[in-house]
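>>> need the 3D shape of this:
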Amino acid sequence: MIQIDGSYLEGGGQIIRTAVGLSAVTGKPCRIFSIRKGRPNPGLKAQHMKGIEAVGEICSAEIRGLELGSEELEFIPGKMTFDDLKIDVGTAGSVTLVLQSLMIPLIHTDKELDIEIVGGTHVKWSPPADYFENVFCYFLKKMGLEIYPEIIKPGFFPKGGGILKVRIKPGTLKPLQLTERKNFEGTKGYCYASNDLKNADVATRIFNGTELDLKEKNSYYLDSYSTGCSVLLVSHFGNTRIGSSYLGERGLPAEKVGKSSRESLDSQLNSGACLDEWMGDQILPYMALAGNSSVSISRLTNHARTNMWVIEKFLDTKFSAKGNGNVIVSCAGPKDK
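Presented below is the predicted three-dimensional model:
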């Protein structure tokens, strides 16, 4: 059984999500201890549990320690079988963080699948659902996988209740070599907001606040259980996409939301890398499973370093990183340990 210290480096939920996903794929059981030990509220939270349960359903896993606040978990996978899934994360738990666990085994599906997840689509400390759609799925398509998300209803803090549907088609994962952006093609903006913000013209004000000549301004006002808004900016190049999102909050003018989103995007673009720091983290399990991959990312975060450490425990692959501000991350493999 693979032993994993859940307090290592970044010490957050990323360790659980990657470990459980790779455990299902490789058939290797794992024990995670000291889960989120350094956090104010250590142990498993509801959204972690939902992700673990969903992956467990895919591979008929035996799971021990699956309790709220548990600081130790054993995950013993069985054979993977694929079927449509419907998951309710509860309140505003992040739907995309649940998907981070699920997508690792789901890319191996042998038939078309429909997944529906209810929860927070645009919440703090997680990629928004439109980033998943416009950035994450773009890169997975480059690697040979077709994923089609649809945001049915946005879910903001505190009530959540958003709905994200995802259709996944069978495919074969292939290596990714991506170290050159090619020509800049423009930046697109996406704003999701609750219907009660429409009269305040929040989306237009956010886009104006970016002070960018946006190629597209996509505004979506939809019914939501909680008031909220989020903006995503995606810069398109001939060979890649760079994204950055920002979440609105009560008391923060829409124009400042737009300005902050542009500043965040600028920090990613100025690196010259092909992947923003968030995608640089999320792409790692797929690079390792495909093998012989190399990408440039804007910054090597502790999230990414932690992810590499977990992946190397399950797969016979070794990550290497070189550079500063435009980091080239490579891996060989994979051969299961």
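>>> quick one, domains of this structure?
1-79, 82-172, 184-269, 272-337 (automatic domain parsing).
>>> which other residues reach stretch 257-264?
Contacts to stretch 257-264, defined as CB atoms under 8 Å, 6 or more residues apart in numbering, come from residues 205-212, 229, 231-233, 244-248. From N, CA and C alone the C-beta is placed, and that goes for glycine too.
>>> ok so, going back, which one of the domains of the chain lies closest to Leu178?
Among those, the nearest to Leu178 by CB to CB is domain 272-337 (4.6 Å).
>>> and the closest one, average pLDDT?
Mean per-residue pLDDT for domain 272-337: 91.
>>> over to the closest residue to Leu214 other than its chain neighbours: give its phi and psi.
Nearest in space to Leu214, with sequence neighbours left out and distances taken as CB to CB, 6 or more residues apart in numbering, is Gly189 at 4.7 Å. Torsion angles at Gly189 (phi, psi; degrees, to the nearest 10) stand at phi -110, psi 140.
>>> what would the domains of the chain look like in TSV with distance to Leu178 and mean neighbour count?
TSV is the format used below for the domains of the chain (distance: least, CB to CB, whole Å; neighbours: other CB atoms under 10 Å):
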stretch	distance to Leu178	mean neighbour count
domain 1-79	21	19
domain 82-172	7	21
domain 184-269	6	19
domain 272-337	5	20
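>>> what segments of the stretch 151-300 of the chain are helices?
With DSSP state H, counting those that start in this stretch as the criterion, the stretch 151-300 of the chain has helices at 202-210, 254-269, 277-282, 284-290.
>>> for His108, find the nearest of the ones you listed.
That would be helix 284-290 among the helices of the stretch 151-300 of the chain, by CB to CB, at 8.9 Å.
>>> who does the closest one touch, helix- and strand-wise?
The helices and strands touching helix 284-290, judged by 3 or more CB pairs under 8 Å, 6 or more residues apart in numbering; DSSP states H and E, are helix 13-26, helix 95-106, helix 302-314, strand 327-331.
>>> now render the ones you listed as TSV, adding distance to Gly69.
Shown next, in TSV, are the helices and strands packed on helix 284-290 (distance: least, CB to CB, whole Å):
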stretch	distance to Gly69
helix 13-26	14
helix 95-106	18
helix 302-314	21
strand 327-331	34
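>>> I'd say Lys217 and Gly189 touch.
Yes: if you go by CB atoms under 8 Å, Lys217 and Gly189 touch, sitting 5.1 Å apart.
>>> now do the shared contacts for those two.
Phe207.
>>> residues making contact with stretch 28-44?
Counting by CB under 8 Å, 6+ apart, 1-7, 11-13, 15-16, 19-20, 22-23, 45, 52, 66-77, 313-314, 336-337 sit against stretch 28-44.
>>> what about 6 Å?
1-7, 11, 19, 23, 69-76 (CB atoms under 6 Å, 6 or more residues apart in numbering).
>>> stretch 221-230 now?
By CB under 6 Å, 6+ apart, stretch 221-230 touches 122, 128, 154, 156, 159, 161, 192-198, 202, 247-248.
>>> with just CA atoms, put that stretch into PDB.
Below are the C-alpha coordinates for stretch 221-230, written out as PDB (Å, rounded to 0.1, in the frame of the first residue of the first chain):
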ATOM      1  CA  TYR A 221     -26.900  36.300 -16.500                       C
ATOM      2  CA  LEU A 222     -28.600  33.300 -15.000                       C
ATOM      3  CA  ASP A 223     -30.800  32.300 -12.100                       C
ATOM      4  CA  SER A 224     -28.700  31.400  -9.000                       C
ATOM      5  CA  TYR A 225     -29.500  30.700  -5.300                       C
ATOM      6  CA  SER A 226     -26.900  33.300  -4.200                       C
ATOM      7  CA  THR A 227     -25.800  36.700  -5.600                       C
ATOM      8  CA  GLY A 228     -22.500  36.600  -7.300                       C
ATOM      9  CA  CYS A 229     -20.300  37.200 -10.400                       C
ATOM     10  CA  SER A 230     -17.100  35.900 -11.900                       C
END
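>>> work out the gap between it and the centre of the chain.
On the basis of CA atoms, centre = their mean, to the nearest Å, stretch 221-230 sits 21 Å off its chain's mean C-alpha point.
>>> closest one to Leu113 among the helices of the stretch 151-300 of the chain?
The nearest among those, by CB to CB, is helix 284-290 at 17.1 Å.
>>> the closest one: how far from the chain's middle?
Distance of helix 284-290 from its chain centroid, counting by CA atoms, centre = their mean, is 14 Å.
>>> cheers, nothing more for now.
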